[in-house]
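Novice: Quick one, what's the 3D model for this:
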Amino acid sequence: MLPFARGNGYAKEAAKATLGWIEKHYDIPYLIGTAGIDNIPSQKVLEYCGFQLIAEHTLPVHIINEQHVFKYYRYHLDKSYSV
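Specialist: Numbers count the residues shown, from 1 in each chain. A predicted model of the protein is given here:
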C-alpha cells in the first residue's frame, strides 16, 4: 500500500473480502500466506484474517535472484482439515 493509505484497515478489509469470495467459489482445504520476516504490518493482516503461523522458510525471490526469510502461514478453508 502507498504510505498515505496505510493504517486505515484497507488491507484487512480487502483480505477478508477475498477470503470470503474464495470460500464461496473454491473447494480447497487451505491457503498459504507469506510475509517477510520484517514485514510486521502484513503479518498482522494475515493473523487478523485467521491465518495461523506455521514456520519460517527461506524462499527464493526470483525477480531479484535472492533468497529471503518469510513467515509461512496457513488459512484453513475446510474447518475439518488438520495439519
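
Novice: what's around the closest residue to residue 59 other than its chain neighbours, how many residues?
Specialist: Excluding its sequence neighbours, the residue lying closest to residue 59 (CB to CB, 6 or more residues apart in numbering) is residue 70, at 5.2 Å. Bear in mind the C-beta positions are built from the backbone N, C-alpha and C, glycine included. A total of 20 residues lie near residue 70 under the criterion other CB atoms under 10 Å.

Novice: Now the longest helix anywhere in the chain: buried residues?
Specialist: In terms of residue count, the longest helix belonging to the chain (DSSP state H) is helix 10-25. Buried residues in helix 10-25, counted by 16 or more other CB atoms under 10 Å: 11, 15, 19.

Novice: List of residues touching stretch 15-33?
Specialist: Identification of contacts with stretch 15-33 by CB atoms under 8 Å, 6 or more residues apart in numbering yields 45-46, 48-51, 72-78, 81.

Novice: same question, stretch 56-69
Specialist: With contacts defined as CB under 8 Å, 6+ apart, stretch 56-69 is touched by 34, 36, 37, 70, 71, 72.
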